[in-house]
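S.K.: How does the following fold in three dimensions:
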Amino acid sequence: MPYSALSDLSQQPTLTASTEKYKQLVYDSTTELVQPIQCILSALDRRAMGLSRCASYDAALRDADVMQQLSSSSAVGYIREAMIYSEQGKQQHVINICNQALDIVDTSDPGYATLQRAKVDAEQQQAKCIDFISQLPVDIVTTTLIPMFMYDNVIVTSEPCQYLQVSHLWRDRIIQCFGGLHFDIVENDEGRQCSQVIQLSQHTNTLTIDRYSKGTWLCDLLSNNDFSSLKELDINDFGTSHIDQFLSSLKSVSSTLTHFHIDMKSGLSLPAATLISACPNLVSLNIMDTSSADLSSLPTTPCLNLTSLVITFTHEQITIDQILSIWKRFPSLKHFQLYPCSDIHSVLIVTRYYPSMNRLHVLVSESGVEIMCDEEGTPSESIGITHLSLESVSLPEYPIMSVNMILERYRRTLEQIELKMDLDSNSSNFDSMQYPQLKKLYLDGSAWWIPRNAPMLQALTLTSNAIHLNAEVLDTTPAHLQKLQLHLSKGPRIHNKAAIERFLLRLAQQSQFEELVILFNSSDNVQTLLDAICHLGQLQSLGIGFTYKWPSSGIESFFENLVQRCPRLSSLGMECRSLPSTYTMNTLKQHKHLQHLGLPVYWIDANHDFWSAVEQFSQLKEITIYHGYSNITPRIQHFMKQRPDIKITMNRDFIHPF
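M.R.: The predicted model follows:
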C-alpha cells in the first residue's frame, strides 16, 4: 500500500451523515489503525539512529524519508533527518529540512519546538569560522592550503583577489607562498582598476600590461608607488605618445627590474638603445617592433649581467656590424634572437664571441634572416655548435651557398641537424663533407648525402619531400641507426615505394634498430610497406598512423603478422581518425610483451566494446593519449577505476622529435 494511503488511514474521516453508534465505531477503528503506524514510526526512528551512529548515513536518510511519507504532518521524521545531517556537519542541509518541516508540521506538535531549536543551532554552527591560515603551521599553509584555493599568484585587476583582503596575516602568507604577487592589468583597463596594485605595490614582483596606448596612467602607476620588489615588467601592446614620461617611470623601477618585455606594434617605436640605457640591471630583455637595433650610442663597456636578449621585427634589417656591436657589449649572453638580419655571415663567427653557445637556429625568409642561439646543458669542452636547425620560408632567390658554409663551419661538432630547406648540391666536394659526431638528423630537403657521411647516426627522420627530391637518401643504411621516423602523409606522393621497402628490409638485418614511427596518407597504397615492417623482428617500439582512416584491406593481417613476427615489441602507438576493428584489438591482446599503447584523443569517446577490449590487455602498464591535455573525462575516469594499475599520460603530438 502507498505511504500516502497509510497516512490518510490515520486521519479521522469526515462523516456526511451518522448515528452515534456508527460514529463511535469509525472513531474506535481509526484509533486502532494509528497504533501500528506509530509503532512503525518508532521502529524506523530507532533504526535510523543506529544506522547513522554506524556511519551508514544514506540508509539512515532513507528511513527518515519513509517516516515522513508515513506521517507527513509529524515532526519525528524531519527531526531524525536533521539530526543525521547534523552528525555529518552539513548545517545548511539541517536548515533546509527544518524550514521545510516548519511549514508543514502543526505548531501544536511537540516536535515543533525541537525543529526550531535544531534550526537555530545549525545557523550558529554555520556562522562559526575557523581561520586555518592562522591556526596551521606556516609550512602547511604555504605548501598545501593556499595552493588549494589559489592556482598561482597571477591576479587580473578586473577581478581583485578577495583572499588578499581577509587580513594582514592572509596577505602575508599568500605573498610568502608565491614569493610575491603578479598583477595583470587587462586591455582597456587604462589603470581604472589598479587600486589593489597600488595597495600591494611593494609586494609585486611581476607586472603584466595587456595594452598601454592612452594617457599617462602606467607612468603614474610606476612613478608614484613603491615597486621596490618589481623584477619583471611585460608590456604586450605599447602605443603611448608620452615617451619621456614613460622612460622616466621606467628608470624609477630600474634598480630592481631584471626582466623586461615590450611589444611596440601599435604606436611610436623606441630604439633598442634607448630602452637598454633606461634599464641597466636587466638580466633578460625582449624587444619587439623596435625602430632600430643599433647600439652604437651606448657605452662600449661590457655589460655582464644580461644573459638573454631578443630583438625581433625591427623596422630596419639588422646589419652584421650591429650584431657585432651587440655581442661586444653583452659578452655573457646565453640566449639571443635577432630578426630580421640583413645577411647570414654573422652565424659563422658566433662561437668567437660565445664559445659555450651550442644550439643554433637559422630561419631564412623574404623579410630577412632570423638567428637564434642558445647555451644549454653543460658547455662542451670543444668549441662549436652541436645542435643546428636550418629552415627557409618563401625563399625565391637567396644565396644558398651561405647556408652551405654554415654546415661546413660546424660539421665537425654537430650532433643534431634539423634541415628544412634545399641546399646547393653543385658546390665542389660539398656532398663529401663528413659529420663525425652527428647522431640525430631531421631531413626535409635535398641534402641526401648527409646520412651517408654520418657514421655515428642513431636517429633519422625523413619526409616525403626529402625522398621525392632524391631517393638516393635511402641508399645508405646507417650502421648504428636505432630510431627511424618516416613522414609520408604530407608533401609529394611517393608512388614507387620500392626504395623505402628495401630500406626497411635492410634495417631488419641490424640488431640495434629498435624504434620506428611511420605516418601514411590514408589514400595511399602501402601494403608492401606494411609487409616490410613485419620483417623488423627486433623492433621494440612502433608508431603507425594514417591521416584519416585505416586501409580498406590488409590492416588486420598486418597486426596479425606484427604479433607473430615482432615478439620484442613492447610499445605500440596508433594514430587514425577511425577505430581499429574489434578483431584487431583481440589480436593485439595476444601480444604478451605489449606494455604500452598510444591512442589519439578522438578515441576517448569510442564505443563500449573498444574500451572493454583495452581493459582486457592484462599486460598493459601505460597508455598515452595523443593530442590530449587532461585525463579528467568520464570515459578515462571509468577506465582508471577499472584498471588502476595502468598509468595514463598525455602527449601533445603523435610524432615528436627524437
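S.K.: A helix includes residue 287, no?
M.R.: No: counting by DSSP: H, G, I helix; E, B strand; the rest coil, residue 287 is not part of a helix but strand.
S.K.: How many residues are close by it?
M.R.: Here the number of neighbours of residue 287 (other C-beta atoms under 10 Å) works out to 23. Where you see a C-beta, it was placed from the backbone N, CA and C, and this is true even at glycine.
S.K.: That one contacts residue 273, correct?
M.R.: No: with contact defined as C-beta atoms under 8 Å, residue 287 and residue 273 do not form a contacting pair (10.4 Å).
S.K.: Would you map the strands across the stretch 351-500 of the chain?
M.R.: Counting by DSSP state E, counting those that start in this stretch, the stretch 351-500 of the chain forms strands over residues 359-365, 368-374, 387-393, 416-420, 440-443, 459-463, 483-487, given from the N-terminal end onward.
S.K.: so which of these gets nearest residue 534?
M.R.: Residue 534 sits nearest to strand 483-487 of all the strands of the stretch 351-500 of the chain, at 15.3 Å, using C-beta to C-beta.
S.K.: elements contacting the closest one?
M.R.: Other elements packing on strand 483-487 under the criterion 3 or more C-beta pairs under 8 Å, 6 or more residues apart in numbering; DSSP states H and E are strand 459-463, strand 515-520.
S.K.: Paired strands for that strand, with orientation please.
M.R.: Here strand 483-487 is paired, per DSSP bridges, with strand 459-463 (parallel), strand 515-520 (parallel).
S.K.: Export the ones you listed to a markdown table and append columns for distance to residue 35, mean pLDDT and mean neighbour count.
M.R.: Rendered in a markdown table, the data for those read as follows (distance: least, C-beta to C-beta, whole Å; pLDDT from 0 to 100; neighbours: other C-beta atoms under 10 Å):
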| stretch | distance to residue 35 | mean pLDDT | mean neighbour count |
| --- | --- | --- | --- |
| strand 459-463 | 87 | 97 | 21 |
| strand 515-520 | 80 | 96 | 20 |
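S.K.: pLDDT value on residue 125, please?
M.R.: Reading off the confidence values, residue 125 has pLDDT 88.
S.K.: Setting aside sequence neighbours, what's the nearest residue to residue 643?
M.R.: Distance criterion C-beta to C-beta, 6 or more residues apart in numbering; nearest residue to residue 643, sequence neighbours excluded, is residue 615 at 5.7 Å.
S.K.: hmm, back to that, just put the strands of the stretch 351-500 of the chain in TSV and tack on distance to residue 626.
M.R.: Below are these laid out as TSV (distance: least, C-beta to C-beta, whole Å):
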stretch	distance to residue 626
strand 359-365	26
strand 368-374	28
strand 387-393	24
strand 416-420	22
strand 440-443	20
strand 459-463	18
strand 483-487	15
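S.K.: Which of those strands sits closest to residue 552?
M.R.: Closest approach to residue 552 among those (C-beta to C-beta): strand 483-487, 21.5 Å.
S.K.: Name the residues that touch the closest one?
M.R.: Outside strand 483-487, the residues within contact range by C-beta atoms under 8 Å, 6 or more residues apart in numbering are 444, 458-464, 500, 507, 513-519, 655, 658.
S.K.: what's the helix or strand for residue 115?
M.R.: helix 112-127 (DSSP states H and E).
S.K.: Please identify the buried residues of that helix?
M.R.: If you call a residue buried by 16 or more other C-beta atoms under 10 Å, then helix 112-127 has these buried ones: 114, 115, 118, 119, 121, 122.
S.K.: Any buried residues in the helix or strand that comes right after that helix, and which?
M.R.: Following helix 112-127 in sequence order, the next helix or strand is helix 132-135 (DSSP H and E). Within helix 132-135, the residues that qualify as buried are residue 133, counting by 16+ other C-beta under 10 Å.
S.K.: for helix 132-135, the distance to its chain's centre please.
M.R.: Here helix 132-135 shows a centroid-to-chain-centroid distance of 32 Å under the convention C-alpha atoms, centre = their mean, to the nearest Å.
S.K.: now for it, which elements pack on it?
M.R.: helix 168-178.
S.K.: what mean pLDDT does the helix it packs on have?
M.R.: 90.
S.K.: Report the buried residues of it.
M.R.: Applying a neighbour-count criterion of 16+ other C-beta under 10 Å, one finds 170, 171, 173, 174, 175, 177, 178 buried in helix 168-178.
S.K.: my guess is the first one meets residue 133, correct?
M.R.: Pointing back at residue 170 there. Yes: assessed by C-beta under 8 Å, residue 170 is found in contact with residue 133 at 5.5 Å.
S.K.: circling back: and the residue nearest to residue 643, how close does it get to residue 569?
M.R.: Look at residue 615 and residue 569: by C-beta to C-beta, to the nearest Å, they are 20 Å apart.
S.K.: Over to residue 559?
M.R.: Look at residue 559 and residue 569: by C-beta to C-beta, they are 11 Å apart.
S.K.: and if you look at residue 202?
M.R.: In this structure, residue 202 and residue 569 are separated by 60 Å, where distance is defined by C-beta to C-beta.
S.K.: So for these two, which residue has more residues nearby?
M.R.: For the pair residue 202 and residue 569, the greater number of neighbours falls to residue 569 (23 against 14), based on other C-beta under 10 Å.
S.K.: ok, that one - contacts?
M.R.: 539, 540, 541, 542, 562, 591, 593, 594.
S.K.: For it, pull up the helix or strand it's in.
M.R.: When elements are defined using DSSP H and E, residue 569 is found to belong to no helix and no strand.
S.K.: pLDDT score for it?
M.R.: The score at residue 569 is 97. That number is its pLDDT.
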